[in-house]
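Novice: return a 3D structure for these sequence lines:
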Amino acid sequence: MFERFTQRAREVVAGAQREAEGLGHRYVGTEHILLAILNLDGGIAHDVLIETGVGAERVRQAIKREIQTDADALESIGIDLNAVKAKLEEAFGPGAMDEPPPRQTGWFRRRRTGGRFTPRSKMVLELSLREALALKHNYIGTEHILLGLIREGKGLAAKILADQGVDFKRLRDKTIEAAKKE
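Specialist: Sure thing, here's the model as predicted:
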């Protein structure tokens, strides 16, 4: 599937990994994909999102708020994440919660990335292929990834877009219209 990705679409995937790492997240979620699209220098998905009023800094702040809200919710029921981590490291040693090192098989060694893609973010990438096929495109561009984000509709990226008042049908229509002009 990745052989069909345009250079910009590949930049989105790599950028999502960098965004996750930069935010200190050990996973790559839909929100990181959205941020990566917004950090591109142009492209259909980037331009449509900017025209809609969605910007990278607003999305980044929303992600931080959402993550903090989760920690606050746990704290409100008496769970202190820092205390849990400290106890685990006390019992199992420093770095007990760190990602395990990559497995090695024969001559092949998996490259460590900024994190693993969540099932939802994997679904977005799979849906981007379906969107490209539906539009009869033989490539997957940023517009298809954005359409995949919209179609998935349940990840943190979708929540952030909805919280910012984005109309998904309108965003989808604008994205398809822009893709057809290319």
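Novice: lowest-confidence helix or strand of this protein?
Specialist: strand 108-109 (a mean of 34; mean pLDDT, DSSP states H and E).
Novice: so what touches the next helix or strand after it?
Specialist: Proceeding N to C from strand 108-109, the next assigned helix or strand is strand 116-117, under DSSP states H and E. With C-beta atoms under 8 Å, 6 or more residues apart in numbering as the test, strand 116-117 has contacts from 26-28, 99, 125. C-beta: built from backbone N, CA, C; applies to glycine.
Novice: residues touching the residue nearest to Thr6 when sequence neighbours are not counted, list them.
Specialist: Once flanking residues are discounted, Thr6 sits nearest to Gly141: 4.7 Å by C-beta to C-beta, 6 or more residues apart in numbering. Residues near Gly141 by C-beta under 8 Å, 6+ apart: 5-6, 8-9, 43-45, 132, 179, 182.
Novice: filter these down to the buried ones.
Specialist: With neighbours counted by 16 or more other C-beta atoms under 10 Å, those contain buried members at 5-6, 8-9, 43-45, 132, 179.
Novice: now, which of the contacts of Gly141 lie within strands?
Specialist: Among the contacts of Gly141, DSSP state E puts none in strands.
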